[in-house]
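Engineer: quick one, what's the 3D model for this:
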Amino acid sequence: MIEDFNRGVTILRKILKKAYEVLRSNLIIIQPFVFYLLLLSVFLGSVHNISEGTKPVLIIFLVSVFALSCAFLAGWLQLFQAALRNSFKEAESPIERTQMSLGILREFLPAVGRFFIPITIAVILYCGFFFGVMKLIVFLGLKYIGFTPNITPDKVLGVLSDKAKMTAFVSALTEADRAKLLRWDVLTLFMTGAFSYLTMFWFPAIMLNGENAFKAFYSGVKATFGRPFTTLGIFSLYWVINLSISLLGSIAPSVFLVQILNLMLVVFITVYFIMVNFVYFEEYSGNNIAGWTNIFR
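Structural biologist: Modelled structure (predicted):
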């Protein structure tokens, strides 16, 4: 088991290094993502301008945003595949490497036509599975944890969106209530974390294997369990870095430059770890089941 752990750590280092090198040579991947986030913020901001009497218009608008997002994912994720493919090619000069990097943008639109349907199905299934996980959290929480007069769903949901209200809410609780709320937090983090871990290679499987959403889900789970020390390392490292960035943003929430830096870090880390997932799935998903049962021998 120690040998498997050491091997997993070694593989993790190689994956992190290669993902960084591929992304550094193809920073053009970040630009469509930034443009999409800006466009999405404009679209979602316009929701407030739609009156409540025009619900059909709101539904059509949200469906359009959903379709746009799926189309973007289909084209954008192809750029990761193209960048990874180019990493195996030798460039004779920095100019040729730059041309190869810019050339991956030409694959965006064709990929939308090819992967739009499987990506859309996968996104719908992902949302459905996540909803099921949340229902399971509620079921297990009610059965094994429960609520108190001071901790009810309405009270918790009422303060979640406001950090100051949440702090005041927690401060007013008794020690017993805080312990119960902590158990709810642990249950929620564990269940959502397990779901995120099991689905982390779902979309790379669609893009790299050209599989439908259902088969790609199986391939992704198989790849996750193939080298658990490595995949747990990727998953844990991503969330630790995200937590660190969140703490950085909370240090000076009113300082504009700090928030801009925080946003830039979030964007880069998100893109980087998507590349990490692609690198892992490309190089280590082929013979990935053999090492799983050996851990327990």
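Engineer: flag every buried residue along the helix ranked longest in the chain.
Structural biologist: Looking across the chain with DSSP state H, the single longest helix is helix 108-144. For helix 108-144, burial by neighbour count (16 or more other Cβ atoms under 10 Å) applies to 108, 111-112, 114-116, 118-123, 126, 133, 137, 141. The way it works is simple: take the backbone N, C-alpha and C, and place the C-beta from them, glycine included.
Engineer: do the same with stretch 142-160
Structural biologist: 145, 147, 151.
Engineer: just say helix, strand or coil for residue 173.
Structural biologist: coil (DSSP: H, G, I helix; E, B strand; the rest coil).
Engineer: now do residue 143 against residue 153, distance only.
Structural biologist: As for residue 143, its distance to residue 153 is 15 Å (criterion: Cβ to Cβ, to the nearest Å).
Engineer: actually residue 78, sorry about that
Structural biologist: Separation of residue 78 from residue 153 (Cβ to Cβ): 41 Å.
Engineer: thinking again about what came up before, could you say what helices and strands the following helix or strand past the longest helix of the chain packs with?
Structural biologist: Downstream of helix 108-144, the next assigned helix or strand under DSSP states H and E is helix 153-159. Helix 153-159 makes packing contacts with helix 163-171 when contacts are defined by 3 or more Cβ pairs under 8 Å, 6 or more residues apart in numbering; DSSP states H and E.
Engineer: ok now whatever helix or strand comes next after the helix it packs on, how far from the chain's centre?
Structural biologist: As assigned by DSSP H and E, the chain's next helix or strand after helix 163-171 is helix 175-198. With Cα atoms, centre = their mean, to the nearest Å as the basis, helix 175-198 stands 19 Å off its chain's centre.
Engineer: so how far is the next helix or strand after helix 175-198 from its chain's centroid?
Structural biologist: Heading C-terminal from helix 175-198, the first helix or strand you meet, by DSSP H and E, is helix 202-209. Mean-position distance between helix 202-209 and its chain equals 14 Å (Cα atoms, centre = their mean).
Engineer: and helix 202-209, which residues are buried?
Structural biologist: Buried residues in helix 202-209 (16+ other Cβ under 10 Å): 202, 203, 204, 205, 206, 207, 208.
Engineer: same deal with stretch 276-284?
Structural biologist: 276, 277, 278, 279, 280, 281, 282, 284.
Engineer: how about TSV for those, with secondary structure, distance to residue 186 and pLDDT added?
Structural biologist: Output for the buried residues of stretch 276-284, formatted as TSV (DSSP: H, G, I helix; E, B strand; the rest coil; distance: Cβ to Cβ, whole Å; pLDDT from 0 to 100):
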residue	secondary structure	distance to residue 186	pLDDT
276	helix	27	96
277	helix	26	95
278	helix	31	95
279	helix	32	95
280	helix	28	95
281	helix	30	94
282	helix	35	91
284	helix	31	86
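Engineer: lowest-confidence one in the buried residues of stretch 142-160?
Structural biologist: Lowest pLDDT within these is found at residue 151 (78).
Engineer: what lies in contact with stretch 187-199?
Structural biologist: Applying Cβ atoms under 8 Å, 6 or more residues apart in numbering, the contact partners of stretch 187-199 are 126, 129-130, 133, 136-137, 140-141, 145, 217, 220-221, 224, 231-232, 235, 239.
Engineer: at 10 Å what do you get?
Structural biologist: Contacts to stretch 187-199, defined as Cβ atoms under 10 Å, 6 or more residues apart in numbering, come from residues 122, 125-126, 129-130, 132-134, 136-138, 140-141, 144-145, 217, 220-221, 224-225, 228, 231-232, 234-236, 238-239.
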